[in-house]
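Undergrad: could you look at this predicted model? Sequence included:
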Number of protein chains: 2
Amino acid sequence: MSQIILASASPRRKELLEQIGLEFEICPAKGEEIITKSIPEEVVMELSKQKAEEIASMVATFGAENQEITTPSDILVIGADTVVAYDGKILGKPKDEEDAKNMLRMLAGNVHSVFTGVTLVLIDKSGRAGEIVFHEKTDVSMHPMSETEIERYVATGEPMDKAGAYAIQGKCAIHIEKIDGDYNNVVGLPITRIYQELKKIGIDIYLW
Amino acid sequence: MSQIILASASPRRKELLEQIGLEFEICPAKGEEIITKSIPEEVVMELSKQKAEEIASMVATFGAENQEITTPSDILVIGADTVVAYDGKILGKPKDEEDAKNMLRMLAGNVHSVFTGVTLVLIDKSGRAGEIVFHEKTDVSMHPMSETEIERYVATGEPMDKAGAYAIQGKCAIHIEKIDGDYNNVVGLPITRIYQELKKIGIDIYLW
């Protein structure tokens, strides 16, 4: 019996895995995020790796300690991190409402990029069996927004826990003109890429 | 007090209007769909017009008959129709599972276009006050799918009531490589375009 572990507390990532009908456990990484890179694609891969490896280490240790009393199973740990990038700046979650408004003023009427980094750690009976690290980029075109629209949107509370201060899958949908790339990557987890990367190495996530 | 009426029974369109926080009534059009056009953008606009106008006529008549007993209110009726177009063919909902499989065999590994036509009918105290008709196009790139993947997806039952035999917002997400355009247009209702078209003529749908 194989097991999938999502190393993230994000309700959006949970919903995306549920959407495609997977069964999985949630075990959010709690370690400090250490950023040594500066370009967005490298930052998100680095952070996704820290999250997935933190949980993978716990699982592997637990498996080893308990190998006499549990049946070791194949385990897949999924770590992910998402940022918004515009004009050389990396935008994470806003600090407060004023910060959220400033981010929206910057993004409205322009095209920005959303980067999600993903690390997949595979663990089998013998321990760490493999690791896949990638990033996915989606370009997002936002309509211009008036100050009234920005204030109204921030007042919904939706921007506060989102990279770039907006939720494409929420009330900000009316301000998104179009995207070029994977939509779920903007939501926070490129599920199509995860499925296809595992398929490439012969893993059918539904039969696994 | 203004009122929004969605002239569609589609649960996806209902969810999209709910997502952006609108209050509305649902009153699905029941008339026969009459197609006189042949290119996808014209077909979806024609069908959305028939749906919106069927409901608008009922509402306007009802309003006129009851003007002594009800306070006439401004009303917006939304009609929409979605098709998938590939290689000169227009794909609606599949007739049966075999038809669904054939549609997926056609779309997998290729880029197709999704067209949604929208008609917005505005009704005020004096009757029909205006009409906006438009279409929105989104290009969708699908990963190649094996026969096993096609059969497994059709077995979920998801394709049967969807134009082009797939739901981008459902289990088919793992087979969608990327899109170019509005995601919600593929789901069935381009809510951003509806909001922006009304904004252009001075209607703020949230204060209306």
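TA: Sure thing, it's come through. What you see is a predicted model; the values in this text were computed from it and never measured.

Undergrad: could you use CA atoms for every contact and neighbour count after this?
TA: Noted.

Undergrad: packing partners of the lowest-mean-pLDDT helix or strand in chain A?
TA: The helix or strand of chain A with the poorest confidence is helix A:40-65; it has a mean of 88 (mean pLDDT, DSSP states H and E). When contacts are defined as 3 or more Cα pairs under 8 Å, 6 or more residues apart in numbering or on different chains; DSSP states H and E, helix A:40-65 sits against strand A:75-86, strand A:111-124, strand A:127-142.

Undergrad: partners of the second one, with directions?
TA: It refers to strand A:111-124. Strands that pair with strand A:111-124, judged by DSSP bridges, come out as strand A:75-86 (antiparallel), strand A:127-142 (antiparallel).

Undergrad: tell me the most buried of those strands?
TA: strand A:75-86 (a mean of 25; mean count of other Cα atoms under 10 Å in any protein chain shown).

Undergrad: what about it, average pLDDT?
TA: For strand A:75-86, mean pLDDT is 97.

Undergrad: buried residues, the helix or strand following that strand. List them.
TA: Next helix or strand after strand A:75-86 toward the C-terminus (DSSP states H and E): strand A:89-91. Across strand A:89-91, burial judged by 16 or more other Cα atoms under 10 Å in any protein chain shown covers A:90, A:91.

Undergrad: show me what strand A:89-91 is packed up against.
TA: Judged by 3+ Cα pairs under 8 Å, 6+ apart, strand A:89-91 is in contact with strand A:75-86.

Undergrad: for residue A:7, which non-adjacent residue is closest in space?
TA: residue A:28 (4.3 Å; Cα to Cα, 6 or more residues apart in numbering or on different chains).

Undergrad: and the one you found, how many neighbours?
TA: 17 (other Cα atoms under 10 Å in any protein chain shown).

Undergrad: so which residues make contact with stretch A:102-116?
TA: Contact with stretch A:102-116 is made by A:40-41, A:44-45, A:80-87, A:91, A:94, A:135-145, A:150, A:164-166, A:185-186, A:188-190, as judged by Cα atoms under 8 Å, 6 or more residues apart in numbering or on different chains.

Undergrad: thinking again about what came up before, tabulate the strands paired with strand A:111-124 (JSON lines), appending distance to residue B:13.
TA: Formatted as JSON lines, the strands paired with strand A:111-124 follow (distance: least, Cα to Cα, whole Å):
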{"stretch": "strand A:75-86", "distance to residue B:13": "28"}
{"stretch": "strand A:127-142", "distance to residue B:13": "22"}
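
Undergrad: for the closest residue to residue A:145 other than its chain neighbours, grab phi and psi.
TA: Nearest in space to residue A:145, with sequence neighbours left out and distances taken as Cα to Cα, 6+ apart, is residue A:108 at 5.6 Å. Dihedral pair for residue A:108: phi -60, psi 130, per degrees, to the nearest 10.

Undergrad: any low-confidence regions in chain A?
TA: A:1, A:61-72 (pLDDT under 70).

Undergrad: specify the beta-bridge partners of the residue lying closest to residue A:86 once chain neighbours are set aside.
TA: Leaving aside its sequence neighbours, residue A:86 sits nearest to residue A:112 (Cα to Cα, 6+ apart; 5.0 Å). Note on residue A:112: beta-bridge partners residue A:140, judged by DSSP bridges.

Undergrad: next, count neighbours for residue A:112.
TA: When neighbours are defined as other Cα under 10 Å, residue A:112 has 19 of them.

Undergrad: what's the separation between it and chain B?
TA: Residue A:112 is 14 Å from chain B, where distance means Cα to the nearest Cα, to the nearest Å.

Undergrad: likewise for residue A:173?
TA: 6 Å.

Undergrad: do residue A:7 as well
TA: 20 Å.

Undergrad: so that residue touches residue A:30, yeah?
TA: No: with contact defined as Cα atoms under 8 Å, residue A:7 does not reach residue A:30; the gap is 9.1 Å.

Undergrad: report the set of residues contacting both of these two.
TA: Contacts common to residue A:7 and residue A:30, judged by Cα under 8 Å, 6+ apart, are residue A:51.

Undergrad: who has more neighbours, the two?
TA: Taking other Cα under 10 Å, residue A:7 and residue A:30 do not tie; residue A:7 has more neighbours (26 against 13).

Undergrad: my guess is residue A:151 meets residue A:101, correct?
TA: Yes: assessed by Cα under 8 Å, residue A:151 is found in contact with residue A:101 at 7.2 Å.
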